[in-house]
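K.L.:
what follows is a predicted protein model with its sequence.
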Amino acid sequence: MTNLPDLPPNYAAALQLIDDAHAEDPKTTPGADGDTVPAELHYARKMSRWLAVRCPDAPLTLQLAIRAQHFRRWEIPRDSFPMTRPGYLMWRAKQKTQAAEKIKTLLSSLSSSSSPIPPEDIERVAALVRKENLTGDPETQILEDVACLVFLDDQLDDFEKRDDVDEDKMVNILRKTWAKMSPRGREIALGMQLSERAQTLVGKALAE
């Protein structure tokens, strides 16, 4: 798989700080080597992996924003908001706002180093984390594509097995996922190695 270009030392340090924060996630998930990995660290690595496919020459700010998706997400549990559609949307909005503010604070902590992250880059990372101007900003769309690709690659099968998700609901979710992606994102998605069940669901979503 394609690799992203190496980060300059100050951006590599920022990425490490992001990963250190992800490593505090109390929830774990099986890792590639059979060990367990903090769930948000696993997710962040997957985001970077698919960014390399979607945009192998991604700018530095987009690389950091991609890695910072779901930043400290566990601090605001889903059940802290009403378990309704409006409650879900409020939770998502709160997550994006908090993640952007916390990532700004984290990146600003490097200001005392010999090569701090420029303030305009910190603001740009925060704007991307908030998914500002999704319809007009190509980089925000790339971020959205990558999030959708990670869902298809790493989350779809487990999500489909949930007791509260039947086939009709899953097909509807996949239609919405498809609608969020750019033509290039959809092209990549069609070439993914999905499970047989996932391929069936995607086929039904695209056929209707």
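P.N.:
Ah, there it is. Since the structure is predicted, the reported quantities are computational estimates derived from the model, not experimental observations. Residues are numbered from 1 along each chain as shown.

K.L.:
drop to CA atoms for contacts and neighbour counts, all remaining ones
P.N.:
Fine.

K.L.:
if you rank every helix and strand of this structure by mean pLDDT, what lands last?
P.N.:
When each helix and strand of the chain is scored by mean pLDDT, DSSP states H and E, helix 156-160 comes last, with a mean of 76.

K.L.:
could I get the full set of helices for this structure?
P.N.:
Along the chain, the stretches classed as helices by DSSP state H are 9-22, 39-54, 60-67, 85-108, 119-129, 138-150, 156-160, 167-180, 183-190, 196-207.

K.L.:
buried residues in the longest one, which are they?
P.N.:
Okay, so that is helix 85-108. Across helix 85-108, burial judged by 16 or more other Cα atoms under 10 Å covers 88, 91-92, 95-104, 106-108.

K.L.:
and that helix, what does it pack against?
P.N.:
Helices and strands touching helix 85-108, by 3 or more Cα pairs under 8 Å, 6 or more residues apart in numbering; DSSP states H and E, are helix 9-22, helix 119-129.

K.L.:
hmm, back to that, just the buried residues of the least confident helix or strand of the chain, please?
P.N.:
Buried residues in helix 156-160 (16+ other Cα under 10 Å): 156-157, 160.

K.L.:
ditto for stretch 162-179
P.N.:
170-175, 177-178.

K.L.:
Lys94 versus Leu194, what's the distance?
P.N.:
Noted for Leu194: a distance of 32 Å to Lys94, by Cα to Cα, to the nearest Å.

K.L.:
and the residue in the chain sticking out farthest from the centre, what's its pLDDT?
P.N.:
Centroid-distance maximum for the chain: Ser114 at 29.9 Å, with Cα atoms, centre = their mean. For Ser114, the model assigns a pLDDT of 72.

K.L.:
which residues touch it?
P.N.:
Neighbour list for Ser114: empty [criterion: Cα atoms under 8 Å, 6 or more residues apart in numbering].

K.L.:
for it, phi and psi?
P.N.:
Main-chain torsions, Ser114, degrees, to the nearest 10: phi -70, psi -20.

K.L.:
quick one on the thing from earlier: can you flag the weakest of the helices of the chain by average pLDDT?
P.N.:
Taking the mean pLDDT of the helices of the chain, helix 156-160 comes last: a mean of 76.

K.L.:
what distance separates it from the centre of its chain?
P.N.:
Here helix 156-160 shows a centroid-to-chain-centroid distance of 16 Å under the convention Cα atoms, centre = their mean, to the nearest Å.

K.L.:
which strands and helices lie in contact with it?
P.N.:
Against helix 156-160 (3+ Cα pairs under 8 Å, 6+ apart) you get helix 196-207.

K.L.:
for the helix it packs on, C-alpha coordinates in CSV please.
P.N.:
Taking C-alpha atoms only, helix 196-207 is exported to CSV below (Å, rounded to 0.1, in the frame of the first residue of the first chain):
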residue,chain,number,x,y,z
GLU,A,196,-18.8,-11.6,1.4
ARG,A,197,-21.6,-10.3,3.6
ALA,A,198,-20.3,-6.8,3.3
GLN,A,199,-20.2,-7.1,-0.5
THR,A,200,-23.8,-8.3,-0.5
LEU,A,201,-25.0,-5.3,1.6
VAL,A,202,-23.1,-2.8,-0.5
GLY,A,203,-24.5,-4.3,-3.6
LYS,A,204,-28.1,-3.9,-2.3
ALA,A,205,-27.4,-0.4,-1.2
LEU,A,206,-26.1,0.6,-4.7
ALA,A,207,-28.8,-1.3,-6.5
